[in-house]
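S.K.: Mind folding the following:
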Amino acid sequence: RLVAGLMGRALSAMRDRPDRTGELDSLLTAMKTSDGAAEITRASKSNLAFAFIAMSGARRRDITTFYAFCRLIDDIADDNQRDPETKRRELALWRQSLRGETAGESALAKPVRDLTSRYPIRPEMFEEIITGVEMDIDIRRYVTWDELRVYCHRVASAVGLVSIEIFGYKNPRSRDYAIALGLALQVTNIVRDVARDLRADRIYLPGEDLAHFNYAEEDLRNGVTDTRFIQLMNFEADRAENFFAESTRLLPREDHRSMLPAEIMRSIYQALLRRMKLDNFRMFEKDYQLSKTEKAGRAAAQLLKIF
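M.R.: From the prediction side, this is the model:
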């Protein structure tokens, strides 16, 4: 359930799918003949891939490689055809291959390792993302926001911290921006995917929040969307909005241009969040998304801001 942080489910970004088993098969087929990064990116319909229009050259190639890595490890953790032990074994292989050539490694492993020689990216930064997707193997409920925040950091903010090294930045405060935006994107994903996650027996809404609004898990299972539910979802949406606002405040002026892909993601996800809020969070009735035209408009608006 990775949201690619600044890049969308993050790793925000990579969750725009009800069932990805067939998609995963096609991506693995692509991996047999090349590192597969471009094929994986083209196969994705996520908001993250849309943000790539703001990049070109080597940086675009490298963010594509990183995105493909995120997609693959997320697919391993989410694949219903793999048992938990197989998932852990395959993710352990990825951990090994991040530090050196390993027997049986993915064709994508070397391009991912190469990123550590071109940018100030340490293997531990990739490993934190792997730790995040591993949490989805066993954990299906979170009691407190503090617990959930750890998960959100690993599957979103950690992705953002790698992404900005590839984007390039001047001011170290951009790292704080990446962390805040990653949290905003991931909480937005959680709000959007409440019904979808429930079908997979996953509830990311903190138990303490449900209790605060006297809304039980059984209510969620029954699709109860009364005043309690609306208040609960507004509470979560406000949390995301606060992180969006924090990220905007933290973005250094001198890094506006390099953070353009991230700002495109912010604009798209913030519009999605507001749409859900205005519609009283009818995620049990429909899926929320922006059209390609709406995304293009928001991307163009961000492009104009830097000129």
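S.K.: which residues touch the closest residue in space to residue 113 that isn't next to it in sequence?
M.R.: Using Cβ to Cβ, 6 or more residues apart in numbering and skipping residues adjacent in sequence, the residue nearest residue 113 is residue 98, 6.5 Å away. All C-beta atoms are positioned from the backbone trio N, CA, C, and that covers glycine. Neighbour list for residue 98: 109, 112-113, 123, 126-127 [criterion: Cβ atoms under 8 Å, 6 or more residues apart in numbering].
S.K.: Equivalent analysis for residue 241, please.
M.R.: Counting by Cβ under 8 Å, 6+ apart, residue 241 has contacts 184, 270, 273.
S.K.: Which of these fall in helices?
M.R.: 184, 270, 273 (DSSP state H).
S.K.: list the contacts for the residue nearest to the last one when sequence neighbours are not counted?
M.R.: Once its chain neighbours are removed from consideration, residue 273 has its nearest residue in residue 188; the separation is 4.9 Å (Cβ to Cβ, 6+ apart). When contacts are counted by Cβ under 8 Å, 6+ apart, residue 188 touches 12, 237, 240, 269-270, 272-273.
S.K.: about what we covered before: can you flag the buried ones in the contacts of residue 241?
M.R.: 184, 270, 273 (16 or more other Cβ atoms under 10 Å).
S.K.: which among the residues you listed gets closest to residue 260?
M.R.: residue 270 (15.4 Å; Cβ to Cβ).
S.K.: So, low pLDDT: which residues of the stretch 51-200 of the chain?
M.R.: Low-confidence segments of the stretch 51-200 of the chain (pLDDT under 70): 52-54.
S.K.: What are the boundaries of the strands in it?
M.R.: Read by DSSP state E, counting those that start in this stretch, the stretch 51-200 of the chain holds no strands at all.
S.K.: what does the stretch 201-307 of the chain give?
M.R.: Counting by DSSP E, counting those that start in this stretch, the stretch 201-307 of the chain contains no strands.
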